[in-house]
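In: what follows is a predicted protein model with its sequence.
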Amino acid sequence: MSLLPFCEWLAATKWSIALHESLYMYPLVESVHVLTLCVFVGMSVLLDLRLLGLALRRVPVAEVTDRLVPWMVAGFIVMLITGLLLFYAIPVRSYQNIFFRVKLIALVLAGINAWVFHTGVHKRVTEWGLGRTPPRKARIAGAMSLFLWAVIIVCGRMIAYNWFDCDLKQPGSFIRWAAGCVEKK
Amino acid sequence: MLLPFFQWVETTRLHDAIAMSSWAFAVIESVHLLALSVIGGAVLILDLRLLGLGLRRQTIAEVAREAHPWLVGSLIVMIVTGIALFVSEPTKCYYSTPFWVKMTSLALAMLFTFTVRRKVSLAEETRVRPIWLRTVALVSLTLWFGVGAGGRWIGFSG
């Protein structure tokens, strides 16, 4: 089942068109989305670096998670809302954009990684959190998170480029398939 | 006065290499964005602490020392990639108000960060009144926000 008809319906709604064509609203939403990176990814990076034993080494890991996760949650909510609005403004092109799709997959993987960390090795943080270099599982979670968020940021930026857009007919068959391009009759 | 310099930049080989390439600008911009999240974290963690938020159980000086190498490292990446982005479209930048807002904010932010903010954060906490700690944090946040917002807006103009 394809979500394309839903995206097409979304694109035809009044507010989607208004946001897409707005002079200031779209750039404003986009700017908030990008600058909130500093809050959300900025804090995540510090936590990940702590898990790798590269930053905040003298601060207990439990302290870092307790104090920084609320800021990460707040930042994430803003990123999610503005991200949904950006999609709402340009649904069809985003849906058929290869970078958008890779970004979403990486987002899901980052979510799973965070969930595995919090329900796994982080449960025993009091046992290892004072050490400068955390255990292997925590280091892997930190490295995975850094990698996945880097992919998400780069893909997010690349959505703006039309190199592989379906209507350009340039992409190879694999990319056309992965981006969900539909042959117009 | 500066226009001839901006126009000269436009004639350099580096300009041609980046401007002609279909992907160079996008790649450089991505690295610029990756460094943005690091510098954002490094600036915020200390400003939050100065405001009495975030890592409250650590002293301000401790947080400042931990954040400093990441601030300097990411700033270097930002400046190198930023110069490359500028070189690819100097004339556009010259006529862009957001570009000048960004450059002014950047100069002030760097000056403030490496003088007043650094001195205040490393000073003995009891010797600085909390109101001054908060003021320093708010000035820092405002200046760096100007850099970020100006930077994003360069892309929307022209």
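Out: Noted; the coordinates are in hand. Numbers count the residues shown, from 1 in each chain, chains lettered A, B, ... in the order given.
In: could I get the contacting residues of the closest residue to chain B within chain A?
Out: Going by C-beta to the nearest C-beta, chain B is nearest to A:Cys38 of chain A, at 2.4 Å. Every C-beta, even on glycine, is put in place using the N, C-alpha and C of the backbone. For A:Cys38, the contact set (C-beta atoms under 8 Å, 6 or more residues apart in numbering or on different chains) comprises B:Leu36, B:Ser37, B:Ile39, B:Gly40, B:Gly41, B:Val43, B:Leu44, B:Gly148.
In: in contact with the first one, which residues are there?
Out: Counting by C-beta under 8 Å, 6+ apart, B:Leu36 makes contact with A:Val34, A:Leu37, A:Cys38, B:Ser74, B:Met78, B:Gly148.
In: among those residues, who's most crowded?
Out: Top of those by neighbour number is A:Leu37, holding 25 neighbours under the definition other C-beta atoms under 10 Å in any protein chain shown.
In: residue numbers of chain A in contact with chain B?
Out: By the rule C-beta under 8 Å from any C-beta of the partner chain, the part of chain A lying against chain B is A:27, A:30-31, A:34-35, A:37-39, A:41-46, A:49, A:55-59, A:63-64, A:67-68, A:71, A:149-150, A:153-154, A:157-158, A:161, A:163.
In: secondary structure class for the residue nearest to A:Val34 when sequence neighbours are not counted?
Out: Residue nearest to A:Val34 in three dimensions, not counting chain neighbours: B:Arg152, with 5.6 Å by C-beta to C-beta, 6 or more residues apart in numbering or on different chains. Of the three states, B:Arg152 takes helix under DSSP: H, G, I helix; E, B strand; the rest coil.
In: can I assume B:Arg152 is in contact with A:Glu30?
Out: Yes - using C-beta atoms under 8 Å, B:Arg152 is in contact with A:Glu30, at 7.5 Å.
In: chain B against chain A: which residues are in contact?
Out: Residues of chain B lying near chain A (C-beta under 8 Å from any C-beta): B:22-23, B:26, B:29-30, B:33-34, B:36-45, B:48, B:54-58, B:62, B:66, B:70, B:145, B:148-149, B:152-153, B:156.
In: now with 6 Å?
Out: B:26, B:30, B:33-34, B:37-38, B:40-41, B:44, B:54-55, B:58, B:66, B:148, B:152, B:156 (C-beta under 6 Å from any C-beta of the partner chain).
In: list buried residues within these.
Out: B:30, B:33-34, B:37-38, B:40-41, B:44, B:54-55, B:58, B:66, B:148, B:152 (16 or more other C-beta atoms under 10 Å in any protein chain shown).
In: widest-spaced pair of these?
Out: The most widely separated members of these are B:Ser30 and B:Gln58, with 32.6 Å between them, by C-beta to C-beta.
In: ok, residue 145 - how many residues close by?
Out: Just going to use chain A. 22.
In: switch to chain B, please.
Out: Counted with other C-beta under 10 Å, B:Phe145 comes out at 15.
In: the one 4 residues further on too?
Out: Taking other C-beta under 10 Å as the criterion, the count of residues near B:Ala149 is 17.
In: got it, and A:Val116?
Out: With other C-beta under 10 Å as criterion, A:Val116 counts 15.
In: for it, helix, strand, or coil?
Out: A:Val116 carries the three-state label helix when classified by three-state DSSP.
In: that one - nearest residue in space that isn't next to it in sequence?
Out: Nearest one to A:Val116, counting by C-beta to C-beta, 6+ apart, is A:Ala141 at 6.9 Å.
In: likewise for A:Arg57?
Out: Using C-beta to C-beta, 6+ apart, the nearest residue to A:Arg57 is A:Arg132, at 4.5 Å.
In: alright, calling it a day.
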